[in-house]
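Chemist: here's my sequence, what's the structure:
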Amino acid sequence: MEDLDPKATRDDIQLAELGHAQSFQRQFTRWSMLGLAFAILNSWTALAASLSLALPSGGPVAVIWGLVTAGICNLSLAASLGEFLSAYPTAGGQYHWVAAIAPPRLKRGLSWVTGWINVSGWIALVATNSSLASTLIINIIALEVPSYEYQRWHQFLIFLAVTFIDFAVNAYMHTLLPRINSVALAWSIGGFVIISITLLATAAPDYASAEYVFGTFMNSTGWPDGVAWLLGLLQGGLGLTGFDAVAHMIEEIPNAAVEGPKIMVYCQLIGISTGFVFLVVVLFVSGGTTNIEDIVSSSAGPLLEIFFIATKSKVGAVCLLMFPLVCFLFAGVAVMTTSSRMTFAFARDGGLPVSRLLWKVDAKLGVPMNALYLNVFIVVIFGCIYLGSTIAFNAIVAASVVALGVSYGLPVALSVLQMRRKLPERAFKLPSWLGWTANIIGLVYTLITTVLFLFPPQKEVTGTTMNYCVVAFGIIMVISALQWIFDGRKTYQGPRVTLEVIHQEIVPGAPETVTGMAKS
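Modeler: Numbering: from 1, shown residues only. Below is the predicted model of the structure:
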């Protein structure tokens, strides 16, 4: 048994009431945490770099109006989860919230499933960022060297290099993370402004028509038009997913119950607005119908091809691409930070194999090194999809968006089924009508996208063009089920109490304090 600091802050008291001792320093400010959250969403860069997901599945209509649709739905989910975060500000996030409001006989099982899905989604999102960064590097090579012949293993090696850089920063530069995330926010917003102005200036006056940008539909997937457009929502879903990062880092910011939900909603609003403006700019400077086929089929990728069309310079196009590329490097670091904290939290509650090892925080480095090792190992396995599939990017993206979406939907669904009465009093509380509206919109979106994003992007499917998201998701669920049968159903009780609160005192003129003992 280990004595805690007898003087603890209000945040420590609330965390203690949720059953946990403080494991990390609360070194993030509101702005550095907003920087981390926005670095993870990275909306305008993620949307721009994933044009290949939406252009064949609806064209500009899917790109613009798909983002609007996904934006409304993800903002609804963010506001809905913000209420949970305010009530239960713990790094466990969704699986902790499910355990808190689920019926007693379902609590353990639902919490277990939610935790596994959430951990898997975050690790897949690490792989997605490595995939996006490696894709942009391959695109640069293809533009500069027309004779270059793409090989899957080339991208796999770049994918590994990006992943190992993310690991090194998280492991050995932990104290710099708040500054890195603040720089990431400034770099992203600065890049957004610089690229938008440059593209509009260099492309003038050869802009596409407004009719093309907002009203042109195309479908080269083989699926019916309605299904194709819905599949194109994957682009918007990718650009706006990952906002629960704030929840998994909540034990590292002060005034968590108040600031956390605000940051979650703010990063969505910034992502939607910057993403919408940037996509409109990109489509206007693309040249319209004349260039659409070349853009979709370009070996340099749609984004770099549009940069080249607008600037009429390979050097200029590559220089502009440096902004989103560096954004993805920042994002990769931030996503791995969050993923390792989610892994740490679930292991702390006994939800993973060898949990005792995975939730240990390295005394010297101050980070959960074993959780980081596990993240890197599984991301490398995800990367192996590149060696066997021509649409690995779609599969990895779909895996992250689907898994995170399901984890968002589960606590909201439980709350709705219990008439929104299970949440306790909280600092962030939506008016009843708005809460119901946000909950229902978020749930409908989650249900539709969970099914559709498992579809292959092309109707004609072969062994190399199928959506391996189904396989990856299935393997994770099988491992989760086996772990539950042989271990979890006997030992997992939901979020564990790792701290026993013995006494709480309020010292006049001083922060609230708590004394207690950490459970071994």
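
Chemist: how about the contacts made by C319?
Modeler: With contact set as Cβ atoms under 8 Å, 6 or more residues apart in numbering, C319 has no partners. The way it works is simple: take the backbone N, C-alpha and C, and place the C-beta from them, glycine included.

Chemist: distance of it from I194?
Modeler: Distance, C319 to I194, by Cβ to Cβ, to the nearest Å: 10 Å.

Chemist: give the helix, strand or coil label for V416.
Modeler: V416 falls in the helix class when you classify it by DSSP: H, G, I helix; E, B strand; the rest coil.

Chemist: give me the neighbour count for the nearest residue to it once chain neighbours are set aside.
Modeler: Distance criterion Cβ to Cβ, 6 or more residues apart in numbering; nearest residue to V416, sequence neighbours excluded, is N439 at 5.1 Å. Counted with other Cβ atoms under 10 Å, the neighbours of N439 add up to 22.

Chemist: end-to-end on stretch 199-219?
Modeler: End-to-end distance of stretch 199-219 (Cα to Cα, to the nearest Å): 27 Å.

Chemist: before we move on, what about stretch 196-216?
Modeler: End-to-end distance of stretch 196-216 (Cα to Cα): 22 Å.

Chemist: average pLDDT for the longest helix along the chain?
Modeler: The residue-count maximum for a helix in the chain (DSSP state H) belongs to helix 104-144. The predicted model assigns helix 104-144 a mean pLDDT of 91.

Chemist: downstream of it, the next helix or strand is which one?
Modeler: Counting by DSSP states H and E, the next helix or strand C-terminal to helix 104-144 is helix 152-172.

Chemist: that next one: what's the following helix or strand?
Modeler: Following helix 152-172 toward the C-terminus (DSSP H and E): helix 177-203.

Chemist: list the helices and strands the helix or strand just after that following helix packs on?
Modeler: Beyond helix 177-203 on the C-terminal side, the first helix or strand identified by DSSP H and E is helix 210-215. Helix 210-215 sits against helix 59-87, helix 256-284, with contacts defined as 3 or more Cβ pairs under 8 Å, 6 or more residues apart in numbering; DSSP states H and E.

Chemist: now helix 210-215: mean pLDDT?
Modeler: Computed over helix 210-215, the mean pLDDT rounds to 93.

Chemist: CA atoms only: put that helix into PDB for me.
Modeler: In PDB, the C-alpha atoms belonging to helix 210-215 read as follows (Å, rounded to 0.1, in the frame of the first residue of the first chain):
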ATOM      1  CA  ALA A 210     -19.600  26.600 -58.600                       C
ATOM      2  CA  GLU A 211     -21.900  24.100 -60.200                       C
ATOM      3  CA  TYR A 212     -18.900  21.600 -60.500                       C
ATOM      4  CA  VAL A 213     -17.800  22.200 -56.900                       C
ATOM      5  CA  PHE A 214     -21.200  21.900 -55.200                       C
ATOM      6  CA  GLY A 215     -23.300  19.900 -57.700                       C
END
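
Chemist: how about residues contacting it?
Modeler: Contact with helix 210-215 is made by P60, V61, I64, W65, V280, L283, F284, G288, T289, as judged by Cβ under 8 Å, 6+ apart.

Chemist: those into TSV, with extra columns for distance to E251?
Modeler: Converted to TSV, the contacts of helix 210-215 look like this (distance: Cβ to Cβ, whole Å):
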residue	distance to E251
P60	42
V61	42
I64	38
W65	38
V280	38
L283	41
F284	44
G288	49
T289	51
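
Chemist: any chance of JSON lines for those residues, columns pLDDT and distance to G93?
Modeler: As requested, the contacts of helix 210-215 are exported to JSON lines (pLDDT from 0 to 100; distance: Cβ to Cβ, whole Å):
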{"residue": "P60", "pLDDT": "93", "distance to G93": "36"}
{"residue": "V61", "pLDDT": "93", "distance to G93": "34"}
{"residue": "I64", "pLDDT": "95", "distance to G93": "31"}
{"residue": "W65", "pLDDT": "94", "distance to G93": "30"}
{"residue": "V280", "pLDDT": "95", "distance to G93": "33"}
{"residue": "L283", "pLDDT": "94", "distance to G93": "35"}
{"residue": "F284", "pLDDT": "94", "distance to G93": "39"}
{"residue": "G288", "pLDDT": "86", "distance to G93": "44"}
{"residue": "T289", "pLDDT": "85", "distance to G93": "45"}
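
Chemist: who wins for neighbours among those?
Modeler: Result: P60 is most packed of these (other Cβ under 10 Å), 28 neighbours.

Chemist: quick one, what contacts Q493?
Modeler: Contacts of Q493 (Cβ under 8 Å, 6+ apart): R108, G350.

Chemist: phi, psi of it?
Modeler: In terms of degrees, to the nearest 10, the main-chain angles of Q493 are phi -110, psi 10.

Chemist: wait, what's in contact with V406?
Modeler: Applying Cβ under 8 Å, 6+ apart, one finds that V406 lies in contact with I117, G121, T446, T450.

Chemist: quick check: which ranges of this protein have low pLDDT?
Modeler: 1-32, 36, 388-394, 463-465, 496-520 (pLDDT under 70).

Chemist: could you check how far the residue nearest to I180 when sequence neighbours are not counted is from L374?
Modeler: Leaving aside its sequence neighbours, I180 sits nearest to V333 (Cβ to Cβ, 6+ apart; 6.5 Å). Using Cβ to Cβ, one obtains 17 Å as the distance from V333 to L374.

Chemist: okay, these two: which has more neighbours?
Modeler: V333 (27 against 23).

Chemist: would you check that the more buried one makes contact with V183?
Modeler: No - with contact defined as Cβ atoms under 8 Å, V333 does not reach V183; the gap is 10.8 Å.

Chemist: residue closest to the middle of this structure?
Modeler: G242 (2.3 Å; Cα atoms, centre = their mean).

Chemist: what about the closest residue to that residue other than its chain neighbours, neighbour count?
Modeler: Leaving aside its chain neighbours, G242 sits nearest to I40 (4.5 Å; criterion: Cβ to Cβ, 6+ apart). For I40, the neighbour count with other Cβ under 10 Å is 33.

Chemist: contacts only, for I40.
Modeler: Counting by Cβ under 8 Å, 6+ apart, I40 has contacts L125, G242, F243, A245, A331, A334, V335, T338.

Chemist: which strand or helix spans it?
Modeler: Per DSSP H and E: helix 30-41 holds I40.

Chemist: check the secondary structure at the residue nearest to the centre of the chain for me.
Modeler: Strictly by three-state DSSP, G242 counts as coil.

Chemist: separation between it and Y207?
Modeler: 33 Å.

Chemist: what about the strands in the stretch 401-520 of the chain?
Modeler: Remark: strands assigned in the stretch 401-520 of the chain by DSSP state E, counting those that start in this stretch are 499-506, 512-518.

Chemist: redo the contacts of V406 as CSV? Include distance to V227.
Modeler: As requested, the contacts of V406 are arranged in CSV below (distance: Cβ to Cβ, whole Å):
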residue, distance to V227
I117, 25
G121, 24
T446, 18
T450, 15
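
Chemist: most surrounded residue in those?
Modeler: Among those, the one with the most neighbours (other Cβ under 10 Å) is G121, at 28 neighbours.
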